[in-house]
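Novice: quick one, fold the following:
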Amino acid sequence: MISKNMLISEVIKKFPTSKKVFDDFNMGCLSCMGIQNETIEKGCMMHGIDPEELIKAIEDLIKNSK
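Specialist: Now for the predicted structure:
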């Protein structure tokens, strides 16, 4: 559903509830203009976060929201 190559802005646009996960992982993505051009992988690398762990948390939240 979500890949590490997706832009952060694309994920947030498609899945607005994902904002909570980015906040939970202490990624201040919503206030950063970089999300327009930054992939999940690059954002995670900059914050020292495992992208697979972040993606799993977002996908789990989406599944549980249905």
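Novice: remind me, longest helix of this structure?
Specialist: helix 51-65 (DSSP state H).
Novice: dump the C-alpha coordinates for it into CSV.
Specialist: Listed next in CSV are the C-alpha coordinates belonging to helix 51-65 (Å, rounded to 0.1, in the frame of the first residue of the first chain):
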residue,chain,number,x,y,z
PRO,A,51,11.4,3.4,7.1
GLU,A,52,9.9,-0.1,7.3
GLU,A,53,8.8,0.5,10.9
LEU,A,54,7.2,3.8,10.0
ILE,A,55,5.4,2.3,7.0
LYS,A,56,4.1,-0.6,9.1
ALA,A,57,2.8,1.9,11.7
ILE,A,58,1.0,3.9,9.0
GLU,A,59,-0.5,0.8,7.3
ASP,A,60,-1.6,-0.6,10.7
LEU,A,61,-3.4,2.7,11.5
ILE,A,62,-5.1,2.8,8.1
LYS,A,63,-6.3,-0.9,8.5
ASN,A,64,-7.6,-0.2,12.0
SER,A,65,-9.4,3.0,10.8
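Novice: same question for that helix, mean pLDDT?
Specialist: Average pLDDT, helix 51-65: 95.
Novice: got it, and stretch 28-41?
Specialist: 80.
Novice: use 55 as the first number from now on
Specialist: Taking 55 as the first residue, the last one we looked at is stretch 82-95.
Novice: buried stuff in it?
Specialist: Under the neighbour-count criterion of 16 or more other C-beta atoms under 10 Å, stretch 82-95 has 83, 89, 92-95 buried. Where C-beta positions appear, they are placed from N, C-alpha and C, glycine not excepted.
Novice: just those residues: which are in strands?
Specialist: Using DSSP state E, no member of the buried residues of stretch 82-95 sits in strands.
Novice: save those residues as CSV, and put in distance to Ile116 too.
Specialist: Shown next, in CSV, are the buried residues of stretch 82-95 (distance: C-beta to C-beta, whole Å):
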residue, distance to Ile116
Cys83, 17
Ile89, 18
Glu92, 20
Thr93, 18
Ile94, 14
Glu95, 19
